[in-house]
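Engineer: Need a 3D model of the following:
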Amino acid sequence: MKRVGFIVIAMSVIMSSFALGLSSIARAASNKEQITEIEHKIMDATSSDEAMKYIDQKDIDVYDIHSPLQYKGGSAVHGDLDDFFNNATDVKGNFVELNVVTDGKLAVAYSIQHFTWKTKDGKPMQGTFRVTDVYHKVDGQWKVFHTHASVPIDPKTGQAQMNLAS
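Structural biologist: Sure thing, here's the model as predicted:
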């Protein structure tokens with residue numbers, strides 16, 4: 001009888017562990033879906049204010065593809081975004097590749113993004129960028145607290161390679 005009791009307890013522990021594992025997997029998938037959705041909303045933003053909804057304005061640090069070296073704080077990042085949105089029209093972007101990794105407390109979205117836009121005077125432009133966004137939760141909502149955008153540099157010429165396909 002003791003053996004049957006031990007088996008029942010062991011099976012209960014195994015089943016509970018399995019259920020907790022499935023719950024953890026479901027939460028991780030949900031977090032990945034949330035981050036993926038936010039990444040698309042940031043890409044589709046048509047103004048600085050719209051993009052800033054997904055950024056931790058109290059704790060944000062951005063390394064953009066142009067100078068200065070970094071934009072630190074909500075005001076500086078908003079200004080960087082303003083500089084782009086005030087000088088570009090008809091902005092369209094797509095993910096060439098998007099990957100999200102999260103443990104539920106932190107998340108990293110790393111991607112290759114391609115954009116087309118027009119300058120204020122109507123000149124068509126395009127660029128392919130490498131972007132890494134790091135997230136944490138603020139009041140239960142995922143917010144970006146670090147972004148690093150870059151383009152490869154040709155070491156022979158020192159020139160940015162903004163439209164590499166791979």
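
Engineer: So, low pLDDT: which residues of this structure?
Structural biologist: 1-28, 166 (pLDDT under 70).

Engineer: can you give me the helices for the chain?
Structural biologist: Along the chain, counting by DSSP state H, helices occupy 2-44, 48-52, 74-85.

Engineer: Restricting to C-alpha, output the second one in PDB.
Structural biologist: Included here for helix 48-52 are C-alpha records, laid out as PDB according to Å, rounded to 0.1, in the frame of the first residue of the first chain:
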ATOM      1  CA  SER A  48       7.400  60.900 -32.700                       C
ATOM      2  CA  ASP A  49       4.500  60.900 -30.200                       C
ATOM      3  CA  GLU A  50       3.200  57.600 -31.600                       C
ATOM      4  CA  ALA A  51       6.600  55.900 -31.400                       C
ATOM      5  CA  MET A  52       7.200  57.300 -27.900                       C
END
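
Engineer: Against which helices or strands is that helix packed?
Structural biologist: Packing partners of helix 48-52 (3 or more CB pairs under 8 Å, 6 or more residues apart in numbering; DSSP states H and E): helix 74-85. (C-beta placed from N, C-alpha, C; glycine too.)

Engineer: do the last one as well
Structural biologist: In this structure, helix 74-85 packs against helix 48-52, strand 61-63, strand 71-72, with contacts taken as 3+ CB pairs under 8 Å, 6+ apart.
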